[in-house]
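Student: Here is my input; please provide its structure:
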Amino acid sequence: MDLIIPGSAYGSLFVISFLASTVLPVGSEWLLVALLLKGYSLPLTVTVATAGNTLGACTTYALGLWGGQVLVTRLLKINPESLERARRVYARHGAWSLLFSWVPILGDPLCAFSGLFRTPWWLFLVLVLSGKLARYLVLAWTTVAVDG
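Tutor: Predicted structure coming up:
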């Protein structure tokens, strides 16, 4: 499984998970499932994927916090429709919406808005980490259950 970092399946999972939590069109689920099917440790695989994905979200939060909306739209290339959808969700549900930061198309703008709206760092981190951990746990347990 020398995918990205030769000799390090977990390192590759971390990098892919990090990139998947940015605006790059990358998914990490396929690699998590592949590693589990190859017999890699469920707790370690979930931990590495969650850490990488959460840190990727933190970069988007930081861009929103320090770069403002102009930088978010130009650098992250979040289209106006996605940005408006995330703004409405965030305005309606507040920081709790960050539990869904793992949802494709919606998650990146939510993280950027939390920075723009100056959500406290500790709250951002707790909610994003919780949502991403729950998603990877469900995926991992489902994979192991189906594989038998």
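
Student: Just the buried residues of whichever strand or helix holds H93, please?
Tutor: Using DSSP states H and E, H93 falls within helix 80-93. Along helix 80-93, these residues count as buried under the neighbour rule (16 or more other C-beta atoms under 10 Å): 82-83, 86-87, 89-90. Using the backbone N, CA and C atoms, a C-beta is placed for each residue, glycine as well.

Student: can you list those residues in CSV and add pLDDT and distance to L99?
Tutor: Below are the buried residues of helix 80-93 laid out as CSV (pLDDT from 0 to 100; distance: C-beta to C-beta, whole Å):
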residue, pLDDT, distance to L99
S82, 74, 18
L83, 72, 20
A86, 72, 14
R87, 75, 17
V89, 77, 11
Y90, 78, 12
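
Student: on that earlier part again, what helices or strands is the helix holding H93 leaning on?
Tutor: In terms of contacts (3 or more C-beta pairs under 8 Å, 6 or more residues apart in numbering; DSSP states H and E), helix 80-93 is packed against helix 42-75, helix 107-116.

Student: Helix or strand with the lowest mean pLDDT in the chain?
Tutor: helix 80-93 (a mean of 78; mean pLDDT, DSSP states H and E).
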